[in-house]
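Engineer: What follows is a predicted structure for the sequence shown.
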Amino acid sequence: MKKGNNITGKYQHFLKAQKIDYLTTKAYQILLLMVFVVIWEVLTKVGIVDPFFFSSPSRICITFVDLVKNGNLLQHMLITLYETFLGFIIATVLGTLIAILLWWSKKTRDVLDPYIVVLNSLPKIALGPLIIIWVGAGMSSIITMCVLISIVITTLSMLSSFLSCDEDKILLMKSFGAKKYQILTKLIIPYSIPDFMSVLKINVGMSWVGIVMGEYLVSKAGLGYLIVYGSQIFKLDIVLTSTVVLCVLACIMYGIVSLIERKFKR
Amino acid sequence: MDKYLELKGVHFNYFTRKSEFNAINNLSFCVDRGEFISIVGPSGCGKTTILSLIAGLYEPTSGEILLEGKKINNIDIGYMFQKDQLFEWRTIYKNITLGLELKDRSCINKERDRIDCLLKKYGIFDFKNKYPRELSGGMRQRVALIRTLAVKPKILLLDEPFSALDYQTRLDLCDDVKRIITEQEQTAILVTHDISEAVSLSDRVIVLTKRPAEIKQDIKLDFTTDLTPFERRKDVNFSNYFNYIWRTLNEER
Ligand SMILES: Nc1ncnc2c1ncn2[C@@H]1O[C@H](COP(=O)(O)OP(=O)(O)OP(=O)(O)O)[C@@H](O)[C@H]1O
Ligand SMILES: [Mg+2]
C-alpha cells in the first residue's frame, strides 16, 4: 500500500475485492480437501472401497494415535527429519560451492561438462546398492543417497544462474577495477539470490525423495522404513499414515523455506 | 596541445570458429581533454567494438590506443550502457558508491561530501535510500551516469545510453547528461545511430563506413558555445549538420 495519500472509496473497494478473492480461494482449497476426506471415509464405510487396501481417514487417525503411543512414531519422524535436514544442507552447500568453482574456472567447466550431463541424467537410485556397499548400511548411506539426488541439479541451476548475469554488468565491475573475487561476491552472488531461493524450494522436495528412497533401501528406522515395514506385514493403515505424516512434514519444511524467501524479497 | 586519447592505426579482427573477419580497419583519431565526441555509423559497423577496444576489453589486432601517451587501462574508463545496469539489491546510494567501494573502502568516507554534492546537484539526493525499481527509466540512467562519474574516470564511454527510453525522457536526459558532463569537464565518447542525438550533444562527430569500420568524415560542430542540446535542435546550423551527416552516411563510397 502507498503511504496513506487520499485513499478513495474505489480503492477500498478494490482492496476488499482482493481480500475476498484471496479468502474464497483459500476456502475452496480447504473445502476440496474436506470433500476428498469425506468421500474417502464414506466410500470405505459403505464398502464400495475396501478399507483393508485403501485404509480410511478414521483408521489413519486411529493408527496415528496408536503409532505414537506404541510404535515410536515420533522417533521415526525425528530420524527422518534429521536425515532430510542434513541431506538438504549438505547438498545445497556443496552444490553451490561446486557451482562457484565451475563459474570461476571456465576450463574446469568445459572439461567437466559431459560428466555433469551424464550425472544429471543418471537415475541416482541405480547407485543405491553401490552406495550401501561403499558407505555402509546405515544413516550415512541414506544421506549420501539424498545428497546425490539433489546436488547435481543444485550445481546446474546455480551455475546457469551465475552465467546468466548480464555481460555489461561484469564489464561495469571491471571498469571499476574489480578483482574476480569481488565480481563474485558483489555481483554474481547477490544477483543469484532469487534463483538460490528457488533451488532451495526444489531441494526440499528432492531431499525428501532421496531420504525416503534411501530408507526403503537400508534403514531400520524412519518414516520410509515404516512404510516398507507396513507393506511387508500388509498393514496398509501404517503405510498410509506414514505417507500422510511425510506429506505434512514436507509441507512444513517447504513453508519455512518460503518464509525465508519472502524475507529476502523484502 | 598534447593529445589526450589517441588511436593509432587500429585494426581489429574478430576470430570465430568458422572464420576471421575484419571489424575495424585502420582507425586513427584523437580526442582532446574535455572534448565530447560522437561516433555514428550504420548498424553493425563496429561502434561497440571500438568502445570495447578503448575500454581495453579486446586488444587491437594491430595499432595502439594511448591515453596521455600511455597504453590505456580499463580502470581509466567509465562506461554507460544502453541499459542502466543498476544493481537491484543495492540502494541508489550504494549503487553510486559501488566504484569507490571496489577501489578502496576507506575512500567512501573521504569522498562522502563530494558524492553528496553530486547527488544534491543532480536531483538524486532525495532518492538515495530507495531501490532502483522505485525509479523511472530516465532517473535510473541519471543514477547510472553519476555512478560512473563518482570514480572520476579519465574517459567516459557511452554506448547508446538513451536508446531504451521514450522520446520525451530522452530529450530531457540528453540535456542533463550534457550539462553534467560539461560541468564535470568529462572527456566523453558517445556511440549512437541517432544523428540528431550526435549533433545536439557533441563537439565533434565521427562518421564511420559500413563494416569494416573506417572513418568516412570527421566533422567539427560549430555552435554558439552555450546551447543546450534542446536549443541546438532549434538552431539553424542543426539541420545543416544533420543533413550533411545523413548524406555522408548514405552515399556510396
Ligand atoms: N564477440 C563477437 N564475436 C564475433 N563477431 C562479433 C562479436 N561482437 C560483434 N561482432 C560482429 O562485429 C560487427 C560489429 O559489431 P558491433 O557490435 O561493434 O557493431 P555496432 O556498430 O555496435 O552495431 P549496433 O549498431 O547494432 O550496436 C558485427 O557484424 C557483429 O556481428
Ligand atoms: Mg552496438
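Structural biologist: The structure has been received and is ready for your questions. Owing to the predicted nature of the structure, the values given are computational and were not obtained by experimental measurement. Ligands and ions are numbered 1, 2, ... in the order given.
Engineer: drop to CA atoms for contacts and neighbour counts, all remaining ones
Structural biologist: Will do.
Engineer: Can you list the low-confidence ranges for chain B?
Structural biologist: Residues of chain B that meet the criterion pLDDT under 70 lie in B:1-2, B:105, B:252-253.
Engineer: interface residues of it facing chain A?
Structural biologist: B:55, B:74-79, B:81, B:85, B:87, B:89, B:99-100, B:102-103, B:151 (CA under 8 Å from any CA of the partner chain).
Engineer: Just give me the closest of those to residue B:172.
Structural biologist: Residue B:172 lies nearest to residue B:81 out of the residues of chain B next to chain A, by CA to CA, at 17.6 Å.
Engineer: residue nearest the centroid of chain A?
Structural biologist: residue A:204 (1.6 Å; CA atoms, centre = their mean).
Engineer: most surrounded residue in the residues of chain B next to chain A?
Structural biologist: residue B:79 (29 neighbours; other CA atoms under 10 Å in any protein chain shown).
Engineer: Surely that one and residue A:172 touch.
Structural biologist: Yes. Counting by CA atoms under 8 Å, residue A:172 is a contact partner of residue B:79 at 6.5 Å.
Engineer: Residue A:210 belongs to a helix?
Structural biologist: Yes. Assessed with DSSP: H, G, I helix; E, B strand; the rest coil, residue A:210 lies in a helix.
Engineer: For it, give me its contacts.
Structural biologist: A:142-143, A:145-147, A:149-150 (CA atoms under 8 Å, 6 or more residues apart in numbering or on different chains).
Engineer: Next, work out how far apart it and residue A:93 are.
Structural biologist: To residue A:93, residue A:210 is 16 Å away according to CA to CA, to the nearest Å.
Engineer: Lowest-scoring secondary structure element of chain A by mean pLDDT?
Structural biologist: Within chain A, judged by mean pLDDT, DSSP states H and E, the helix or strand with the poorest mean is helix A:51-54; its value is a mean of 86.
Engineer: Tell me the helix or strand right after that one.
Structural biologist: helix A:57-70 (DSSP states H and E).
Engineer: Mind exporting the C-alpha coordinates of that next one to PDB?
Structural biologist: The C-alpha trace of helix A:57-70 is given here as PDB (Å, rounded to 0.1, in the frame of the first residue of the first chain):
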ATOM      1  CA  PRO A  57      -9.300 -41.200   7.300                       C
ATOM      2  CA  SER A  58     -10.700 -42.500  10.600                       C
ATOM      3  CA  ARG A  59      -8.400 -45.600  10.500                       C
ATOM      4  CA  ILE A  60      -5.500 -43.300   9.700                       C
ATOM      5  CA  CYS A  61      -6.300 -41.200  12.800                       C
ATOM      6  CA  ILE A  62      -6.500 -44.300  15.000                       C
ATOM      7  CA  THR A  63      -3.300 -45.700  13.600                       C
ATOM      8  CA  PHE A  64      -1.600 -42.400  14.100                       C
ATOM      9  CA  VAL A  65      -2.500 -42.300  17.800                       C
ATOM     10  CA  ASP A  66      -1.600 -46.000  18.200                       C
ATOM     11  CA  LEU A  67       1.700 -45.500  16.400                       C
ATOM     12  CA  VAL A  68       2.600 -42.500  18.600                       C
ATOM     13  CA  LYS A  69       1.700 -44.500  21.700                       C
ATOM     14  CA  ASN A  70       3.200 -47.900  20.900                       C
END
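Engineer: which secondary structure elements does the next helix-or-strand element following it contact?
Structural biologist: Next along the chain after helix A:57-70, taking DSSP H and E as the criterion, comes helix A:73-104. Packing partners of helix A:73-104 (3 or more CA pairs under 8 Å, 6 or more residues apart in numbering or on different chains; DSSP states H and E): helix A:57-70, helix A:106-121, helix A:139-163, helix A:189-218, helix A:223-232.
Engineer: if we go to 10 Å?
Structural biologist: helix A:57-70, helix A:106-121, helix A:139-163, helix A:189-218, helix A:223-232, helix A:236-265 (3 or more CA pairs under 10 Å, 6 or more residues apart in numbering or on different chains; DSSP states H and E).
Engineer: what angle separates the first one from helix A:73-104?
Structural biologist: Here helix A:57-70 runs at 90 degrees with respect to helix A:73-104, directions being taken by axes from the mean of the first three to the mean of the last three CA atoms, to 10 degrees.
Engineer: For helix A:57-70, which helices and strands make contact with it?
Structural biologist: With contacts taken as 3+ CA pairs under 10 Å, 6+ apart, helix A:57-70 sits against helix A:9-46, helix A:51-54, helix A:73-104, helix A:236-265.
Engineer: follow-up on the earlier one: what's the residue nearest to the centre of chain A in contact with, if anything?
Structural biologist: Taking CA atoms under 10 Å, 6 or more residues apart in numbering or on different chains as the criterion, residue A:204 is in contact with A:84-85, A:87-89, A:92, A:150, A:198, A:250-251, A:253-254, A:257.
Engineer: In contact with the closest residue to ligand 1 within the stretch 151-266 of chain A, which residues?
Structural biologist: Scanning the stretch 151-266 of chain A for the residue nearest ligand 1 gives residue A:167, at 11.4 Å (criterion: CA to the nearest ligand atom). Residues in contact with residue A:167 (CA under 10 Å, 6+ apart) are A:173, B:85.
Engineer: what pLDDT does it get?
Structural biologist: Per-residue pLDDT puts residue A:167 at 91.
Engineer: give me the element residue B:22 is part of.
Structural biologist: Residue B:22 belongs to strand B:20-31, assigned by DSSP H and E.
Engineer: Please save the CA atoms from stretch A:241-258 in CSV.
Structural biologist: This file holds the C-alpha atoms of stretch A:241-258, laid out as CSV (Å, rounded to 0.1, in the frame of the first residue of the first chain):
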residue,chain,number,x,y,z
THR,A,241,-0.5,-43.0,8.0
SER,A,242,3.3,-42.7,7.4
THR,A,243,2.7,-41.2,4.0
VAL,A,244,0.3,-38.6,5.4
VAL,A,245,2.8,-37.7,8.1
LEU,A,246,5.5,-37.4,5.4
CYS,A,247,3.3,-35.0,3.4
VAL,A,248,2.7,-32.8,6.4
LEU,A,249,6.4,-32.6,7.3
ALA,A,250,7.4,-31.9,3.7
CYS,A,251,4.8,-29.1,3.6
ILE,A,252,6.0,-27.6,6.8
MET,A,253,9.6,-27.6,5.5
TYR,A,254,8.5,-26.0,2.2
GLY,A,255,6.6,-23.4,4.2
ILE,A,256,9.7,-22.5,6.2
VAL,A,257,11.8,-22.1,3.0
SER,A,258,9.0,-19.9,1.5
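Engineer: can you tell me the average pLDDT over it?
Structural biologist: 92.
Engineer: How about it, which residues are buried there?
Structural biologist: Under the neighbour-count criterion of 16 or more other CA atoms under 10 Å in any protein chain shown, stretch A:241-258 has A:241-243, A:246, A:249-250, A:253-254, A:257-258 buried.
Engineer: Rebuild these as TSV, extending it with distance to chain B.
Structural biologist: Putting the buried residues of stretch A:241-258 into TSV (distance: CA to the nearest CA, whole Å) gives the following:
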residue	distance to chain B
A:241	45
A:242	43
A:243	41
A:246	36
A:249	33
A:250	30
A:253	26
A:254	24
A:257	20
A:258	19
